[in-house]
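>>> For reference, the sequence and a predicted model appear below.
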Amino acid sequence: MDGQTWEHLIADDFGKLRKAGIDHPDMKRVEHLLGTENGPTDP
C-alpha cells in the first residue's frame with residue numbers, strides 16, 4: 001500500500017487495466033466520484 005489512499009490504489013489499478021486493454025465506461029464514473037479522474041497522484 002505504501003501510504004497511498006484507497007482512492008489512489010484504485011486509480012493505479014484502473015491505469016494498469018487500461019494498459020492491458022481493459023476499459024469500461026463505469027471506470028470513468030468511479031474515478032470522477034473518487035476525484036482521481038486525472039490519474040493517481042501522490043497523497
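Ah, there it is.
>>> secondary structure class for Pro36?
If you look again at residue 36, you'll see it is Thr, not Pro. Taking DSSP: H, G, I helix; E, B strand; the rest coil as the rule, one finds Thr36 in the coil state.
>>> can you list the weak-confidence ranges in the protein?
Where the chain drops to pLDDT under 70, the residues are 1, 39-43.
>>> Apply 90 and report the result again.
1-5, 35-43 (pLDDT under 90).
>>> Can you tell me the centre-most residue of it?
Ala11 (1.3 Å; CA atoms, centre = their mean).
>>> okay, now Asp12: neighbour count?
Applying other CB atoms under 10 Å, we find 14 residues neighbouring Asp12. All C-beta atoms are positioned from the backbone trio N, CA, C, and that covers glycine.
>>> Okay, strands next: where are they in this protein?
Remark: strands of the chain are absent; assignment by DSSP state E.
>>> Name the single longest helix found in it.
helix 6-19 (DSSP state H).
>>> Just the CA trace of that helix, in CSV.
Backbone C-alpha positions of helix 6-19 (Å, rounded to 0.1, in the frame of the first residue of the first chain) are rendered in CSV as follows:
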residue,chain,number,x,y,z
TRP,A,6,-7.5,3.5,-1.4
GLU,A,7,-8.7,6.0,-4.0
HIS,A,8,-5.2,6.2,-5.4
LEU,A,9,-4.8,2.5,-5.3
ILE,A,10,-8.0,2.1,-7.4
ALA,A,11,-6.7,4.8,-9.8
ASP,A,12,-3.4,2.8,-10.1
ASP,A,13,-5.3,-0.4,-10.8
PHE,A,14,-7.5,1.2,-13.4
GLY,A,15,-4.4,2.6,-15.1
LYS,A,16,-2.9,-0.9,-15.2
LEU,A,17,-6.1,-2.4,-16.6
ARG,A,18,-6.2,0.2,-19.3
LYS,A,19,-2.6,-0.5,-20.3
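>>> No more questions from me, cheers.
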